[in-house]
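>>> what follows is a predicted protein model with its sequence.
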Amino acid sequence: MSAHESTQESTREATQESAPVSTGASRASLGHWTRVVVAIDGPAGSGKSSVSRAAARALGYEFLDTGAGYRSLAWLGLERGTDLEDPEAVVGLLDGFDYAIGTDPDDVRVRVGDVDVTAAIREPRVSGAVSSIARVPQVRVHLNDLFRSLLDAPGRPGIVAEGRDITTVVAPDAPVRILLTADEMARLARRAGELDGQSDADVARQVLERDRRDSQVVDFMTAADGVLTLDSTQLTFDETIDAVVSLIRAAID
């Protein structure tokens with residue numbers, strides 16, 4: 001089953017369980033999109049993944065974690081013993097890359113072939129390898145095309161997508177685009193809370209190295225024209241969710 005087919009299946013199940021939620025968005029405000037697309041980017045530790053998922057749940061929307069695509073390809077490369085520092089070898093992984101992800105915010109399952117990799121792609125070895133995957137241009141083009149097809153797939157009236165390139169390359173014309181930021185100390189503290197058992201020094205090294213590598217490919221710290229910026233440094237998790245939901249509702253009303 002393809003990623004697109006998997007998304008359609010999970011979406012059908014979700015809409016059977018709950019009635020569609022009115023988006024309040026006009027056809028003109030959606031542009032070429034068939035539903036409300038909310039794109040959220042931000043640096044490591046900004047909380048974009050957990051906040052995006054919670055916002056999607058609050059709005060009755062679907063949720064797309066684009067980073068899972070890069071992590072899944074990195075996992076596949078590690079399993080095959082591929083030299084991930086060799087761009088040609090990395091591109092070779094795309095041939096027959098059978099990737100599927102669910103978009104129900106309450107049950108995001110990720111598969112590569114017949115293997116459920118939902119937990120495996122969060123392992124430290126994958127986190128350490130994903131930047132090598134993400135900086136290969138052909139990989140970004142391939143996965144970005146996949147993400148666009150998922151964003152416009154039939155299903156719930158809206159979808160919240162988070163990840164690199166989402167506001168500028170994948171969906172630069174999304175009805176709602178948000179850059180979620182926080183200062184360095186707040187980001188390090190949040191990531192330390194997520195990575196229980198790792199030292200503060202290890203967490204800081206991971207976050208700063210991720211920022212450094214990603215900045216070589218995309219400018220994710222500066223909001224492009226039309227992108228709303230939300231600084232969550234002084235906000236609690238729940239306050240950040242409320243702020244994001246308010247921005248989305250204001251943009252589509």
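Received it, and whenever you're ready, just let me know what you need.
>>> just give me how far stretch 59-69 sits from the chain centre.
Remark: stretch 59-69 is offset 6 Å from the chain centroid, using C-alpha atoms, centre = their mean, to the nearest Å.
>>> give me the buried positions along it.
Buried residues in stretch 59-69, defined by neighbour count with 16 or more other C-beta atoms under 10 Å: Leu59, Gly60, Tyr61, Glu62, Phe63, Leu64, Asp65, Thr66, Gly67, Ala68, Gly69. C-beta coordinates here come from the backbone N, C-alpha and C atoms, glycine included.
>>> pLDDT, distance to Ile40 and secondary structure for these - can I get that in a markdown table?
Below are the buried residues of stretch 59-69 laid out as a markdown table (pLDDT from 0 to 100; distance: C-beta to C-beta, whole Å; DSSP: H, G, I helix; E, B strand; the rest coil):
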| residue | pLDDT | distance to Ile40 | secondary structure |
| --- | --- | --- | --- |
| Leu59 | 97 | 13 | helix |
| Gly60 | 97 | 17 | coil |
| Tyr61 | 98 | 12 | coil |
| Glu62 | 98 | 13 | strand |
| Phe63 | 98 | 10 | strand |
| Leu64 | 98 | 10 | strand |
| Asp65 | 97 | 11 | strand |
| Thr66 | 97 | 10 | coil |
| Gly67 | 95 | 12 | helix |
| Ala68 | 97 | 15 | helix |
| Gly69 | 98 | 16 | helix |
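>>> ok, which pair from the residues you listed is furthest apart?
Gly60 and Gly69 (24.0 Å; C-beta to C-beta).
>>> tell me, how many residues neighbour Ala54?
Applying other C-beta atoms under 10 Å, we find 21 residues neighbouring Ala54.
>>> same deal with Arg109?
Neighbourhood size, Arg109 [other C-beta under 10 Å]: 15.
>>> could you measure it against Asp65, distance?
When distance is defined by C-beta to C-beta, to the nearest Å, Arg109 is 11 Å away from Asp65.
>>> name the residues contacting each of the two.
Common neighbours of Arg109 and Asp65, counting by C-beta atoms under 8 Å, 6 or more residues apart in numbering, are Ile101.
>>> which stretches in the stretch 1-150 of the chain count as strands?
Listed in chain order, the strands of the stretch 1-150 of the chain (DSSP state E, counting those that start in this stretch) span 36-41, 62-65, 99-101, 110-112, 115-116.
>>> for these, which one sits closest to Pro154?
When the strands of the stretch 1-150 of the chain are compared by C-beta to C-beta, strand 62-65 sits nearest Pro154, at 10.7 Å.
>>> export only the CA atoms of the closest one, formatted as PDB.
Taking Å, rounded to 0.1, in the frame of the first residue of the first chain, the C-alpha atoms of strand 62-65 are listed here in PDB:
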ATOM      1  CA  GLU A  62      -5.400  15.400  10.200                       C
ATOM      2  CA  PHE A  63      -1.800  15.700  11.100                       C
ATOM      3  CA  LEU A  64       1.300  15.100   8.900                       C
ATOM      4  CA  ASP A  65       4.800  14.600  10.400                       C
END
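>>> torsion angles phi and psi at Thr168?
phi -120, psi -30 (degrees, to the nearest 10).
>>> tell me the confidence at it?
Thr168 carries a pLDDT score of 91 in this model.
>>> try Gly96
Gly96 is assigned a predicted lDDT (pLDDT) of 88.
>>> mean confidence (pLDDT) on stretch 244-253, please.
For stretch 244-253, mean pLDDT is 93.
>>> what about it, distance to the chain center?
Centre to centre, stretch against its chain (C-alpha atoms, centre = their mean), the figure for stretch 244-253 is 19 Å.
>>> contacts only, for the residue nearest to Ala171 when sequence neighbours are not counted.
The spatial neighbour of Ala171 that comes closest, neighbours along the chain excluded (C-beta to C-beta, 6 or more residues apart in numbering), is Ala39 at 4.6 Å. Contact analysis of Ala39 by C-beta under 8 Å, 6+ apart lists Ala161, Glu162, Ile166, Thr167, Val170, Ala171, Ala174, Val176, Arg177, Ile178.
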